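Visitor: I would like to see how this sequence folds:
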Amino acid sequence: MPPVIPSPSGRAAADVEWRYYPHLSSFFMHTSFALDLKVARRKAGLAQEDLAHLLGLDKSTISKIERGVRPVTLPELCALALIYGRTSDSVLAAVWPDAAADLAARLQSMPTPKSPWGSTFNRQSTLTALGDRLASNAEPYGAL
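Guide: Numbers count the residues shown, from 1 in each chain. Next up is the predicted model:
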């Protein structure tokens, strides 16, 4: 359950439609993911120094990642999955729903292409397929 933060209107942040506040959605997505990483590290019995050594980073960088200040790179994400004995799909599970919601919102406001030729050849079929995947709640590891 997302954290409840009161807003000036008196509504809780959890009741807000995130499509109107994408920067807040992104904030909660990153902090939730960061908290999951911190919990996983602690469950594994590792100190920040241990994880920093395994990833080839500084302890301060691990702290930034766990606070949601710095994003995790793809190679770091793969290494974390190996360290914690999880699949990359399970590591991404916390981020997947928010990323899909953000994509669905952006898909609704796609601009029209400036040119009907060139690189826009498969544009409509790609956008239609994306909409279908989002509508069917496709799994993150579906075929490309």
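Visitor: Going by residue numbers, what spans are helices in the protein?
Guide: Along the chain, the segments classed as helices by DSSP state H run 22-43, 48-55, 59-66, 74-84, 88-92, 96-108, 123-135.
Visitor: mind giving me CSV with those and columns for mean pLDDT, mean neighbour count and distance to Lys114?
Guide: For every residue, glycine as well, the C-beta is placed using N, CA and C. Below are the helices of the chain laid out as CSV (pLDDT from 0 to 100; neighbours: other C-beta atoms under 10 Å; distance: least, C-beta to C-beta, whole Å):
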stretch, mean pLDDT, mean neighbour count, distance to Lys114
helix 22-43, 69, 16, 24
helix 48-55, 94, 17, 43
helix 59-66, 94, 18, 39
helix 74-84, 89, 15, 31
helix 88-92, 75, 15, 34
helix 96-108, 86, 14, 18
helix 123-135, 88, 12, 12
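Visitor: Nearest to Ser115 among those would be which one?
Guide: helix 123-135 (10.6 Å; C-beta to C-beta).
Visitor: Could you export stretch 63-70 as CSV, CA atoms only?
Guide: This file holds the C-alpha atoms of stretch 63-70, laid out as CSV (Å, rounded to 0.1, in the frame of the first residue of the first chain):
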residue,chain,number,x,y,z
SER,A,63,22.7,4.8,0.5
LYS,A,64,21.6,7.0,-2.4
ILE,A,65,20.0,4.1,-4.2
GLU,A,66,18.2,2.9,-1.0
ARG,A,67,16.8,6.4,-0.5
GLY,A,68,15.6,6.7,-4.1
VAL,A,69,18.0,9.5,-4.9
ARG,A,70,20.0,7.6,-7.5
